[in-house]
Each structure stands twice: as C-alpha cells, then as structure tokens.
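> whatever this is, show me its structure:
(chains A and B)
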Amino acid sequence: MNKETAIRVRIAPSPTGNLHVGTARAALYNELFAKHKNGSFIIRIEDTDKARSTPEYEQAILDGLRWLGISWSEGPDIGGEYAPYRQSERAGEHAKAVQQLLDAGKAYRCTCPPKEMTGGEVSVHACDCDNKGNTTGVIRLKVTPELISFTDIIRGEIKVHTNSFGGDFVIARDISDPLFHLAVVCDDEAMKISHVIRGEDHLHNTIKHILLQRALGYTQPMYAHLPLLLDEQRKKLSKRSGETNILAFRDMGFLPQAMLNYLALLGWNNGDDREYYTHKELASAFTLDRVQKSGAIFSLGKLSAMNKKYLSELSDADLLAWGLYHYNKKNILVNSETRLLYALKTELGRFASYDIEGIDLCEAMNWHDTGWMPELDTQKIVWKKSTPEATKDILKKLIAVLETIPDDSFTKPFLEENIMNWIDANAMGRGDTLWPMRYSLTGREQSPGPFEIASVIGKEDTLHRLTFAHGIL
RNA sequence: GGCUCCAUCGUCUAAUGGCUAGGACGCUAGAUUUUCACUCUGGCAAUAGGGGUUCGAUUCCCCUUGGAGCUGCCA
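Numbering: from 1, shown residues only, chains lettered A, B, ... in the order given. Down below sits the predicted model:
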C-alpha cells in the first residue's frame, strides 16, 4: 500500500496514571479500526509533563493493554520506523516547529502572567500586553478571527469560531519546552497519522490543532471523536468515579476477553442483536460509522454478566490459571491444583453470586482443600424440621453407606444415583439427608451440591468431615 | 457565563419514513430443586416536551427542556 494513504492511527496516553478504562476503550477502537482497514496502530507516550510522568506508569499502561490483548505495531517498547515513540525524546523536532512559527511571525513570545488574560470579553489577540517581541516568555500562536470547521467521522460537520476560545494560545513555555498542542500536532505529522480517534473531550482541542497544522503547513488528519465513558452520575468517568484502572478489574476477577467485549460494545454495535464477539470478530466487524454519538455509562452489571459467560467457556487450563492467579494474589496456598480445578468447575455457574469486587470466591471454595475442616454450627447441621437426634442418626447411616463405596467411585453421577436411591428406598427425606451432608462438607449454608463436593474432595476427606459433624451433634 | 456535543426501557442498545418500538443486562412472577446459584418459561419497563414536513414519523427540520464536555504556561 502507498505510504501516503496508509491507515495509521495512534493513542497518545500520558504516563501520569494507570491505564484508565476510557483510554483502554479508545485504544481498542483505534486498534480495531486499524485492523479492519489493514493499517497500523501506534502507541506514543505523551510525557511532556515531566513533573507528573513516570516510567512506572508508562509500563503500567502497556501492561494494561497487553492484558486486554491489544497489540500495536509501533511503540516505545518495540520501536518502529518513526521512532522515538516517547514525546520527550522528540523535543528537537518540536523546537524546530516552534522556531519555524517564530520565524514566520506566526507565533510570538510574551511575558504576560498566566491567567491574566481570561475574563471579560477576550479579543482574539487576548494578549494585549507590551511584552511581545521579548526574547523571553512563553510562546503563543497568533489566532485570527475565523470560523474553523472540520468533518468528524462520527459527528459530521463541527464548526467553532476562534473568537470563542481565549485567543492566542500558548504552544510552548520555551523553545525547548513544548506543550501538548504543539507536540501532538508535530508528532502526528511526523508519524504520518491518518486518523485521530480520541475522546470527545478533545473536540475543542482539535480546533487548536487544526490551527497549528495550518500554520506549520502540515496535512490535516481525519478526526473521529468518541463518546465519553460516564459514571453512574453521568459525569465523565474519572478516578473519583470509582475504580478506573483496567488492571484492577483483572484483580477483581474479570477476564480480558470479557472486558474487551464489553468495552467494544459500549458505544459501538453492528446494527443487530449480537453482543458476543471475539477480538478477531470485532476487528472484522468494526466500523466508525456504527459508533454511538452519546456517552455511555460504564457499569459493572453487564460486564459481570459477560464475564460469567466467558468464565463458563474457559478451557480447563485457562480456568485453572485464572483460579491460581487469584489464589496467589491472596497468598493462599493451593495444595492440589487438580482439586482446585474441579472445585472451580463446580462453582462455575455460581460465580455471579459472589462479590466479584472482593473475590471472596477463594473463601467460598476453601472446602476443596485437602485436609481442610469446616467450622460447624450444630444448629445449622439440622435441616428445617428435623431434629439433632434424627440428623445424627442419618449421618451415621450415611457414613456407613459411603464407606462401602470405593474411592474411585466417588464421582458425581455414581454418588448421586446411589445415595438418592438409598434415601428414597429408606424414605429418609432428601432434605433431611442432603442438607446435613452438604453443610458438614463445606460449613456453608450456600454451596454446590453434596455429590459434587464429595466427588471433588474424595472419600477420605468426605468421611473425615462427616464423622466430625456426627461427633459434635 | 461562553463555545461545542448529545437525547429510545433503570443501563447498554436495535429499528436511519412504514408491523403490537426488538434484544441484552437488571428487576420481577413461576417451574425445577437438599441450600444458594445455574437453567427454563412468563411479566414490568422507553421514543424528554412542543411545533412543523409527510399519506405516515423513533427516524428529517425548528424551538424548548435536560444532560455532558471544553473553557490552563495539564494532557
């Protein structure tokens, strides 16, 4: 493909925090757009704010993207044809651009104190001081009164008059200290960015960027402004809205494919009822003209539902890896991975009922551990209208029956068939038997069924726990 | 305040002039059931308001209202 017409998109996060869900979605849309069009997706780290940027955050952002499964073809970690991909390392180019504007008389230095110029009716040349022509001071772009318009791919024609924003705006603190607007425009030009796909909060910045592009003689990329992600109060999602760090969601138990799917559908759809997509399917279906115009509330409900579905579709290996990750995170020793896997499978349909935020899943599943013994409340061993005496008797008989079953027959179907038949044949009452059995095995009022539990923990642990329960009744 | 964007169930959304406005999540009733959950079946729930254009508006236009974003020598 011709380089001049190649699709090249980017995200330009500033490393002043972890990967925000909003940034993640913008990254996803950019990546999907690039993949769909067979173009390139680039990551450029916008670290011109030296005071707040850190390498750790840069790492965290890339880690977050990798976790989601988003990939890029050029970036600070892997380099690329238009390196460097860290804005701070491109200061030379920025200085040249600033100098070019200064030389052309399109920008000037000014020692006006900050803030002074806002308020009242601002003229286009808001800086009216006598400090122009100085060799010190900040550098401002001259802005003339005119109507600037551009076509947004998602929103259509956007028109803003330059009178409506503060006038000549600062593009650099100094020749070697460029600010956001200048750096963005410079880097997008240098990196041959064809489409700028970013949040709607940049809508007004785009006007400034177009002004700069014109002053510098750059080509203007296409723009698409995405609807914002909102919190429950319908405000722009921010740190104060709650958790927004994408990796925090990993630690809450969410799967990357669920997060990716949810984020993709939050503001985009294919025009039909379909909601579940793989990453690949998203890439082939994604187009900007199906992106929503209005903001969307980021809420955990739907995400959790999607997560549950993805969890249920995991392979054994992936499910185990997921479980181990969370056990390790909590520093809980797992003495049998096989048992953990089986336990996870029995709990699969129940994940929704857990407090996903606290992952008390580990606690809810501690019954799976070899040698583990529950703390039992003697009151709770007894089912409804049954009595402690009757329950004790039932447990005794149950233990006797289970002792006759060989260890390798402790499977759910075998136990279920035999124990159920035994209960019915002796008219013992299912609840009167199964409740104490299950409660004695788990110490929990809510858990998977007794046969599943018994099949996971095996004969030895089953008998231990039932005998213990029988003993304390 | 100024500028700009936006507007379908509680939420995410479908229907881009033409069926009783569809789906999903949630909520709810019931079935199943040893618990919770899962599953299955049913139900509640929306075109912000007012004008136009049209044979016909969720859809096109205008006004009102409402919400949001921006308004830094942050990005």
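> count of neighbours near A:K96?
Residues lying near A:K96 (other CB atoms under 10 Å) number 12. Bear in mind the C-beta positions are built from the backbone N, C-alpha and C, glycine included.
> ignore what I typed, I meant A:G253.
23.
> how close does it get to A:R86?
Noted for A:G253: a distance of 33 Å to A:R86, by CB to CB, to the nearest Å.
> so which residues of the stretch 151-300 of chain A form strands?
Along the stretch 151-300 of chain A, counting by DSSP state E, counting those that start in this stretch, strands occupy A:156-161, A:169-174, A:177-178, A:195-199, A:222-226, A:229-230, A:296-297.
> could you dump those strands to a markdown table with mean pLDDT?
Putting the strands of the stretch 151-300 of chain A into a markdown table (pLDDT from 0 to 100) gives the following:
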| stretch | mean pLDDT |
| --- | --- |
| strand A:156-161 | 94 |
| strand A:169-174 | 94 |
| strand A:177-178 | 94 |
| strand A:195-199 | 98 |
| strand A:222-226 | 98 |
| strand A:229-230 | 97 |
| strand A:296-297 | 97 |
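> would you mind finding the longest helix in chain A?
helix A:450-472 (DSSP state H).
> C-alpha coordinates for it, PDB please?
Provided in PDB are the C-alpha atoms of helix A:450-472 (Å, rounded to 0.1, in the frame of the first residue of the first chain):
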ATOM      1  CA  PRO A 450     -23.200 -32.500  48.100                       C
ATOM      2  CA  PHE A 451     -22.300 -35.000  45.400                       C
ATOM      3  CA  GLU A 452     -20.200 -32.500  43.500                       C
ATOM      4  CA  ILE A 453     -18.400 -31.600  46.700                       C
ATOM      5  CA  ALA A 454     -17.800 -35.200  47.600                       C
ATOM      6  CA  SER A 455     -16.600 -36.100  44.200                       C
ATOM      7  CA  VAL A 456     -14.000 -33.200  44.400                       C
ATOM      8  CA  ILE A 457     -12.700 -33.900  47.800                       C
ATOM      9  CA  GLY A 458     -12.800 -37.700  47.600                       C
ATOM     10  CA  LYS A 459     -13.700 -40.400  50.000                       C
ATOM     11  CA  GLU A 460     -11.100 -39.700  52.700                       C
ATOM     12  CA  ASP A 461     -12.000 -36.000  53.300                       C
ATOM     13  CA  THR A 462     -15.700 -36.700  52.900                       C
ATOM     14  CA  LEU A 463     -15.700 -39.300  55.600                       C
ATOM     15  CA  HIS A 464     -13.500 -37.200  57.900                       C
ATOM     16  CA  ARG A 465     -15.800 -34.200  57.700                       C
ATOM     17  CA  LEU A 466     -19.000 -36.300  58.100                       C
ATOM     18  CA  THR A 467     -17.500 -38.100  61.000                       C
ATOM     19  CA  PHE A 468     -16.600 -34.800  62.600                       C
ATOM     20  CA  ALA A 469     -20.100 -33.500  62.100                       C
ATOM     21  CA  HIS A 470     -21.600 -36.600  63.500                       C
ATOM     22  CA  GLY A 471     -19.300 -36.400  66.500                       C
ATOM     23  CA  ILE A 472     -20.300 -32.900  67.500                       C
END
